[in-house]
Structures are given as structure tokens and as C-alpha cells.
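J.: structure of the sequence below:
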Amino acid sequence: MARIEWGTQARAKWGCSYKKTTLIVCSINIVIALFVLRCLYTSVYVYSNNNSSQDNVKYTPDQLRKMEESIRSRKASEPKQLVKVVENFTAELAEKKRTVNLPLHLKQIIRVEILQRLKTLPANTNATEQQEAVESWRKTKLHEAKRLMLGDKNLTLEISLDDAALLIEVMESKWSLLMEIIGLWIPSVIIHKEHDDKPLGLDALEEDPLPGRPVPHECHAELHTDYGGAAVRWGLTHHKESAADCCQACLDQARRAKPGDMRCNIWVYCPSETGCYSPDIYEHKHQECWLKYSQQPKLNFKDKYSESYRASHPGAPLVVPWVSGVVTV
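T.: So this is what the prediction gives:
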């Protein structure tokens, strides 16, 4: 009897422990599930906030002002006149196409036959002769179309009566428009005019006299030339009225130089009223006079800047603006 009672108590004890264990495990699972859900919700909330912050970017007043200036400059730089011309041309061409109501196959027949007629002409045929050949073809086809309308069956023109009527209408009253539409327009007269086809800035290479008094022969002045060398006198603060005066300043400096000092043997002058280009950080103005020294004078630039140099230096002009000379001291 004692054994039975003890077994009952033991089962009761273990049964109670099993329930507690199950409750504890379930509670832990619930806590973990809640934690996972909270993490997911937090990540979604952060992501949505990031997106909303990206959509609602706040700009400073200076940034807004710069954006407005950019929009205004972009609108101001739009080629409005060119756009208007293109729109008018497109509308005019569309109107012409509506006016010339000719089926596509007839346009193709006309184009092919005219091209074949032009190919039979000699290679040296001018525009007037080409136009006469096309006009002769037009009259022939117009005559054939009228004969076809009258019932003449001994013709090579194989089109319907409706197409023949359209062809007659176009060839008599809208021929020039049709030629433009099918791309076979030929100018009536080509005028050959002599023109100056020299590149922009090439006139500057002509040996025009320098402003001011003539440059002495001993200055050995070279237009559109820039010599390198060590600066004896800084040209930014050294201006002269003329190239001759700049050369004279070089000669005077060489005579007055003390033993051991650099003696000027190169002068470089800016004769351009708009200033002279140089690949440095300074703005070189009119009448700058650079006094330089070099034991073996070497050219920086001569006549024109090369295409490769101008490609890497977009601000460089076509022609070298400086005038220089190497003197004997």
C-alpha cells in the first residue's frame, strides 16, 4: 500500500514538472518570436524613414539659388530661333506632302526612272543640263499619261487610269514640290564664287607692321613667336609702348648688368590689345614686355599652336600672339 502511494506521488511530481517545463519552453519561444517581430518591424521602419528622407531632401538657400541660376542659363542657351526654324520647316514639309497626294508606288516609279535617266548623262554634265534632261523626261511621261487617258494602249506606261490622272495633275501643277519630296531636287543655277577658305585666324600670320616705331634690325623681331628663358624682368609689371621699346629695354639691361648677373638676350612682347595667351595661371595684358636670358634660346611656340596642344588646352587660340627676338649681347 505504501508503494502504491509513493508511486502516485512520484507521478504527480513528475507530471507537475513536465507542465512547468512545457510552459517555460513555450514562454521562451514566444519571447523569441516577439523579439524577431520587433527586429523586423524596426528594420522596415528605418528603411521607410531612409526613403522618406531621401525623397524630402532639404537644400540650402545657396544651393536653391545655384539651381535656379542653372535653370535660367540653360533656358537662355536654348537655340530658340533654330528650333523655330526647324519646326516651321517640318510643318512646311508636312504640308507639301499633304498637298502632293501621290501614291507611294508612283513616287517610286518617278524616282527610279529619273535616276536611270540621269545615269545616262556624261560625267561632266552640269546642273543645267541635268535639269533639262529631267524636264524632257517629265514632258514625255506627261504625254504618255494623257494618251493613256484617251485610251491609247500602245504604251509602255503600265499604270491605271486613276494613277494616270494623278500623275498628270502632279506633273502639271506640283512638279517642283514632288521633286523636293522624293529628294531629287536639282538647282537651276550653280554660281561659283571665289571665297576666302583660309582657317580662322590665318590672316593674323600675315606680316602686318607692329604698332609703334619700327623695330631695329638688331632686335631680330619674329612675329607670332614665344621664346623661353629665365626671367630677367617680370613682364606682368613691365609694360612698354611698342615692341621696339621692349627690345631697347633688353639691350639697356644687358649693358647695365653687373658681373655675375643675368644679361637679357631675349625679349618677348604682347602687341595684342586683347592680351596674349600663355599656359600659366596669369592674365597677360597688352604691352607686357618680358626680358629673359638663355644660354641657348629655345622656342616655346611658333606661328600656330598645334591641334594636339589646343585639344589639351581649350583656351589656346589658333595663332601665337607674342612677338619675340633674340639679341646679341
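J.: now do stretch 29-45: distance to the chain's middle.
T.: Its chain's average C-alpha position is 56 Å from that of stretch 29-45, according to C-alpha atoms, centre = their mean, to the nearest Å.
J.: mind listing what's buried along that stretch?
T.: By 16 or more other C-beta atoms under 10 Å, stretch 29-45 has no buried positions at all. For every residue, glycine as well, the C-beta is placed using N, CA and C.
J.: now it - C-alpha only, PDB.
T.: In PDB, the C-alpha atoms belonging to stretch 29-45 read as follows (Å, rounded to 0.1, in the frame of the first residue of the first chain):
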ATOM      1  CA  ASN A  29       9.500  30.600 -27.900                       C
ATOM      2  CA  ILE A  30       7.000  33.400 -27.500                       C
ATOM      3  CA  VAL A  31       9.700  35.800 -26.300                       C
ATOM      4  CA  ILE A  32      12.000  34.900 -29.200                       C
ATOM      5  CA  ALA A  33       9.100  35.300 -31.700                       C
ATOM      6  CA  LEU A  34       8.300  38.700 -30.300                       C
ATOM      7  CA  PHE A  35      11.900  39.700 -30.500                       C
ATOM      8  CA  VAL A  36      12.100  38.600 -34.100                       C
ATOM      9  CA  LEU A  37       9.000  40.500 -35.000                       C
ATOM     10  CA  ARG A  38      10.300  43.600 -33.300                       C
ATOM     11  CA  CYS A  39      13.500  43.400 -35.200                       C
ATOM     12  CA  LEU A  40      11.700  43.100 -38.500                       C
ATOM     13  CA  TYR A  41       9.400  46.000 -37.700                       C
ATOM     14  CA  THR A  42      12.400  48.200 -36.700                       C
ATOM     15  CA  SER A  43      14.200  47.400 -39.900                       C
ATOM     16  CA  VAL A  44      11.100  48.200 -42.000                       C
ATOM     17  CA  TYR A  45      10.600  51.400 -40.100                       C
END
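J.: that one - what's its average pLDDT?
T.: For stretch 29-45, mean pLDDT rounds to 76.
J.: just stretch 320-329 next, same as before
T.: 91.
J.: ends of it, how far apart?
T.: 26 Å (C-alpha to C-alpha, to the nearest Å).
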